[in-house]
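K.L.:
just coords:
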């Protein structure tokens, strides 16, 4: 297995949008990825909670890097599709997305991701996603 | 029917995240909403294209306001879930999301949204979504 | 283009489950497929309406054959995933699924399908799906 | 809590389609349901494996009854929508669907379901679903 942790952190750093909103990859393992995002006012919807678009960005990114950890060193990855249920308002000081690979195939990888919101130190399930990703062989991610 | 156009533009203006990324509601009709988002570097993924999180934000928001146009004046709306297929890279100078209501019920509303990317004046289908939204009766959106 | 109509009808005939429930392909065009299914009591849920499983079978099959019409003659097709919203009870004497291709790529094809229920000759939208399918090159469907 | 096990087995018995294909509820717990379906030729697609429509029927039903176990005694339940990834061919002598509730609210319940195929006694993940269900209060399921 290649050093996926290095590759994932490199790729993440090149995503200007993740930097813009303030997301951080905090853990990558074989088939798993966790991303954190602290609250800031610019990320809110009309009630002052994390915007659904921010929540879906995190779920999608965590799934993408969980899948990426299973792929060949010289390949790139794209999200084919995802489905997200929003279950509780994103009311808190931090979002945490945790994604794991359900099935990793030659071409397609299926992941599930959960997004939690942390309020006063308590973690609450805020959203759940299921995603399909495709590996583009021999296409460097740069 | 209440003046949904005013209500939607008000609600949109209170979404700090939409202002942060630069989205604009350009059209609202009964059961339809269109949102535009010009390119800026902060919205990109690792290849310099619009980030999938931005694309999903637009699709979700357009669906939300299309559904909102069908709802009671003194109600609020939440996305229950959505599913998004990403079909082409978000490579261009503008994103346009167009959503329409498929079925509007007392509690739930189902929408479809298409997101197009404009490059050199040509429009290309970039993503397609299908969403479920819930109306919260007697809960002002403010 | 190969004679997809013949290939689709052949493939459909080999699906024992479609024969068991009584579905019939009534139209295939380039990027489009329509399947009909008459009511019978064996297809019902607890309230005597068409079962959601039957509705999803029809939506998935119509999408599959719409996608198949765009593919190479000597390839096979598999559903990667689909998402289905059930909007009205399947209360009527016939189900009609109509699917069309949104985007047909080298590997993946994206479709939308609508399922209508016919009651006393009136057509009502009963369910809506969005699907992803994969083409297996050089794998005959037999 | 009401006796959900009895209520679920009653409801299941009234689903003629589940009887037609041969599904059996084998376990119901608080927020969990497991359904089994033995192979028969009438349930196959063109390659002789369990049809995707059968797999989705099982996933949807298991989710429905897992959600039902959380609901009021005098309420009914409907699937709002579900999304299903098909990950491996349904090649085996039995399908097993296991569903659990992720979030149970006053109106909506979110579930995940996994469908396994058993071949020569070995269990393999065949499909994964994520569903949204709605509780209809004061509407008996009969």
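P.N.:
Right, received. Where do you want to start? Just so it is clear, the model here is predicted, and its values are computed rather than measured. Residues are numbered from 1 along each chain as shown, chains lettered A, B, ... in the order given.
K.L.:
what about residue A:125, neighbour count?
P.N.:
Neighbour count of residue A:125, defined by other Cβ atoms under 10 Å in any protein chain shown: 15. C-beta: built from backbone N, CA, C; applies to glycine.
K.L.:
let me see the backbone angles for it.
P.N.:
phi -70, psi 130 (degrees, to the nearest 10).
K.L.:
so it touches residue D:104, yeah?
P.N.:
No - contact criterion Cβ atoms under 8 Å: residue A:125 and residue D:104 do not qualify, at 11.6 Å.
K.L.:
now the residue nearest to residue A:132 when sequence neighbours are not counted: which helix or strand?
P.N.:
Spatial nearest neighbour of residue A:132, excluding adjacent residues (Cβ to Cβ, 6 or more residues apart in numbering or on different chains): residue A:80 at 4.3 Å. In the assignment (DSSP states H and E), residue A:80 maps to strand A:76-86.
K.L.:
got the residues of chain A near chain B?
P.N.:
Contact residues (Cβ under 8 Å from any Cβ of the partner chain) of chain A with chain B: A:11, A:14-21, A:41-46, A:51-54, A:56-58, A:60-61, A:78-86, A:141-142.
K.L.:
of those residues, select the buried ones using a PyMOL command.
P.N.:
Buried members of the residues of chain A next to chain B, defined by 16 or more other Cβ atoms under 10 Å in any protein chain shown, are picked up in PyMOL with:
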select buried, chain A and resi 11+15+16+17+18+20+21+43+44+45+46+51+52+53+54+56+57+58+60+61+78+79+80+81+82+83+84+85+86+141
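K.L.:
return the subset of the residues of chain A next to chain B lying in strands.
P.N.:
A:78, A:79, A:80, A:81, A:82, A:83, A:84, A:85, A:86 (DSSP state E).
K.L.:
do you know how far the nearest residue to the fourth one once chain neighbours are set aside is from residue A:110?
P.N.:
On the basis of Cβ to Cβ, 6+ apart, the spatially nearest residue to residue A:81 that is not a chain neighbour turns out to be residue B:85, at 4.2 Å. According to Cβ to Cβ, to the nearest Å, residue B:85 and residue A:110 sit 15 Å apart.
K.L.:
what is the least confident helix or strand in chain A?
P.N.:
helix A:4-13 (a mean of 85; mean pLDDT, DSSP states H and E).
K.L.:
which helices and strands sit right next to it?
P.N.:
strand A:24-29, helix A:52-68 (3 or more Cβ pairs under 8 Å, 6 or more residues apart in numbering or on different chains; DSSP states H and E).
K.L.:
may I see the buried residues of that helix?
P.N.:
For helix A:4-13, by 16+ other Cβ under 10 Å, it's A:4, A:5, A:7, A:8, A:11, A:12.
K.L.:
quick one: residues contacting the residue positioned nearest the centre of chain A.
P.N.:
Central residue of chain A (Cα atoms, centre = their mean): residue A:62, 1.8 Å from the mean position. Contact partners of residue A:62, counting by Cβ atoms under 8 Å, 6 or more residues apart in numbering or on different chains, are A:33, A:34, A:35, A:97, A:98, A:99, A:113.
K.L.:
tell me the contacts of the fourth one?
P.N.:
Under the criterion of Cβ under 8 Å, 6+ apart, the neighbours of residue A:97 are A:34, A:35, A:37, A:58, A:59, A:61, A:62, A:113, A:114, A:115, A:116.
K.L.:
so which of these wins on neighbours?
P.N.:
residue A:59 leads the contacts of residue A:97 on contacts (other Cβ under 10 Å) with 33 neighbours.
K.L.:
OK, contacts around that residue?
P.N.:
Residue A:59 neighbours (Cβ under 8 Å, 6+ apart): A:82, A:84, A:97, A:99, A:113, A:115, A:127, A:129, A:131.
K.L.:
10 Å instead, please
P.N.:
Applying Cβ atoms under 10 Å, 6 or more residues apart in numbering or on different chains to residue A:59 gives the contacts A:35, A:82-86, A:95, A:97-99, A:111-115, A:126-131, B:53, B:56.
K.L.:
with residue A:54 instead?
P.N.:
A:21-23, A:37, A:39-40, A:42-45, A:90, A:95, A:115, B:17, B:20-21, B:53, B:57.
K.L.:
go on, residue A:11?
P.N.:
Contacts of residue A:11 by Cβ under 10 Å, 6+ apart are A:4, A:18, A:25, A:64, A:65, A:68, A:76, A:77, A:141, A:142, B:45, B:46.
K.L.:
and the pLDDT at residue A:2?
P.N.:
Each residue has a pLDDT score; the one for residue A:2 is 57.
K.L.:
wait, residue A:140
P.N.:
Residue-level pLDDT assigned to residue A:140 equals 66.
K.L.:
likewise residue A:110?
P.N.:
Confidence score, pLDDT, at residue A:110: 98.
K.L.:
can you give me the neighbour number for residue A:28?
P.N.:
Other residues close to residue A:28 by other Cβ under 10 Å number 22.
K.L.:
isn't it right up against residue A:34?
P.N.:
Yes - in this structure, residue A:28 is within contact of residue A:34 by Cβ atoms under 10 Å, at 7.8 Å.
K.L.:
what touches both of these two?
P.N.:
A:62, A:65, A:66.
K.L.:
which residue packs closest to the second one, ignoring adjacent ones?
P.N.:
Computed as Cβ to Cβ, 6+ apart, the closest residue to residue A:65 that is not its neighbour in sequence is residue A:33, at 3.9 Å.
K.L.:
need the residues touching each of residue A:125 and residue D:104.
P.N.:
A:87, D:110.
K.L.:
what's downstream of the strand holding residue A:80, the next helix or strand?
P.N.:
In N-to-C order, the element after strand A:76-86 by DSSP H and E is strand A:94-104.
K.L.:
now the angle between helix A:52-68 and that next one, please.
P.N.:
Angle, strand A:94-104 to helix A:52-68, by axes from the mean of the first three to the mean of the last three Cα atoms, to 10 degrees: 40 degrees.
K.L.:
touching chain D at all, whichever helix or strand comes after strand A:94-104?
P.N.:
Per DSSP H and E, the first helix or strand lying C-terminal to strand A:94-104 is strand A:108-119. Yes - counting by Cβ under 10 Å from any Cβ of the partner chain, chain D is contacted by strand A:108-119 at A:108, A:109, A:110, A:111, A:112, A:114.
K.L.:
report the strands that pair with the helix or strand containing residue A:130, each with its relative direction.
P.N.:
Assigned by DSSP H and E, residue A:130 belongs to strand A:122-136. Within its sheet, strand A:122-136 is paired with strand A:76-86 (antiparallel), strand A:108-119 (antiparallel), according to DSSP bridges.
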